[in-house]
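A.B. asks: Sequence and predicted model, in that order:
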Amino acid sequence: MAPVLKTIGKDAMLPVLCHARLEVAGSHALLTATDRFAASLSRVRFDHDDARAAVTVHVHRDALTRVLAVFRRPRGRVDPELAVTVTHGRVRFEGMGLAVDVETAGFANFPDVRSLFRQALDTGPAFGGPMRVDFARLAEFRIAHTRNLTTTVAQVPGGPGKPYVVRMGDDYLGLLMPRRLPDTESTPASITDGWTDALTTKEPA
């Protein structure tokens with residue numbers, strides 16, 4: 001839940017992005033979110049004989065923040081097992097003798113984050129022109145997770161304008177979308193522009 005929270009929108013002018021989508025289908029629960037510049041997919045898998053009926057709800061970032069504040073363990077500690085009950089208009093999180101009830105919201109136009117990942121992984125042509133990726137978001141994903149999971153980052157093949165995919169463990173995927181540089185921002189001729197002297201090997205005198 002914590003890394004996903006980092007990709008829920010904060011812009012009140014785009015209220016649909018200020019929520020995460022919780023989907024339970026088949027043998028897994030999936031929590032998804034995007035703020036347009038990054039996206040998250042986090043899942044919990046069940047045993048096949050413990051599959052649940054399909055349900056989809058949307059929960060506001062403030063509500064998830066409250067749930068996380070109640071149940072989150074210190075870094076390195078095992079996350080508690082939670083029971084999540086979905087009823088009309090509400091979601092209840094229970095565990096460790098505690099319970100938190102939050103309201104849900106319905107958004108027919110909530111972005112399909114899974115489709116966003118599929119499109120991002122398309123190896124077609126990249127966007128043209130100078131682009132950048134905010135790798136500070138990568139640090140946010142990593143710090144948010146309480147477990148020391150193996151983290152890998154890879155750019156989708158196709159050029160510098162393609163997104164980066166972040167994987168933490170077996171049950172979290174993040175997406176860092178490229179952003180076009182503003183016209184007012186100076187763009188170096190190359191990423192090492194201005195470093196030629198420092199990178200040149202000199203023979204000792």
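C.D. replies: Right, received. Where do you want to start?
A.B. asks: I'd say Asp101 and Arg92 touch.
C.D. replies: Yes: between Asp101 and Arg92 there is a contact under C-beta atoms under 8 Å: 5.0 Å. In this view, the C-beta of every residue, glycine as well, is placed from N, C-alpha and C.
A.B. asks: burial count for Thr65?
C.D. replies: Number of residues near Thr65 (other C-beta atoms under 10 Å) recorded here: 13.
A.B. asks: how long is stretch 101-108 end to end?
C.D. replies: 23 Å (C-alpha to C-alpha, to the nearest Å).
A.B. asks: Now do Arg45 against Gly169, distance only.
C.D. replies: As judged by C-beta to C-beta, to the nearest Å, Arg45 and Gly169 stand 12 Å apart.
A.B. asks: cool, and Met131?
C.D. replies: Distance of Met131 to Gly169, given as C-beta to C-beta: 28 Å.
A.B. asks: more neighbours, those two?
C.D. replies: Met131 (17 against 14).
A.B. asks: Give me the nearest residue to the more buried one, chain neighbours excluded.
C.D. replies: Pro178 (4.0 Å; C-beta to C-beta, 6 or more residues apart in numbering).
A.B. asks: what's the neighbour count on the one you found?
C.D. replies: Burial of Pro178 is recorded as 22 neighbouring residues (other C-beta under 10 Å).
A.B. asks: Please report the distance of it from Ser40.
C.D. replies: 17 Å.
A.B. asks: what pairs with the lowest-mean-pLDDT helix or strand in the chain, and is each one parallel or antiparallel?
C.D. replies: Least confident helix or strand, the chain: strand 131-132 with a mean of 73, by mean pLDDT, DSSP states H and E. Sheet pairing of strand 131-132 (DSSP bridges) gives strand 179-180 (antiparallel).
A.B. asks: Which SSE is immediately downstream of the biggest helix by length in the chain?
C.D. replies: The residue-count maximum for a helix in the chain (DSSP state H) belongs to helix 61-71. Where DSSP states H and E defines the elements, the next helix or strand beyond helix 61-71 is strand 83-87.
A.B. asks: Let me see the mean pLDDT of that following strand.
C.D. replies: Mean per-residue pLDDT for strand 83-87: 87.
A.B. asks: buried sites along it?
C.D. replies: Within strand 83-87, the residues that count as buried by 16 or more other C-beta atoms under 10 Å are 84, 86.
A.B. asks: which helices and strands does that strand pack with?
C.D. replies: Judged by 3 or more C-beta pairs under 8 Å, 6 or more residues apart in numbering; DSSP states H and E, strand 83-87 is in contact with strand 19-26, strand 90-95.
A.B. asks: who's in contact with the residue positioned nearest the centre of the chain?
C.D. replies: A centroid search over the chain (C-alpha atoms, centre = their mean) returns Ser40, at 2.4 Å, as the residue closest to the centre. In this structure, Ser40 makes contact with 3-4, 6-7, 31-34, 113, 141, 172-175, judged by C-beta atoms under 8 Å, 6 or more residues apart in numbering.
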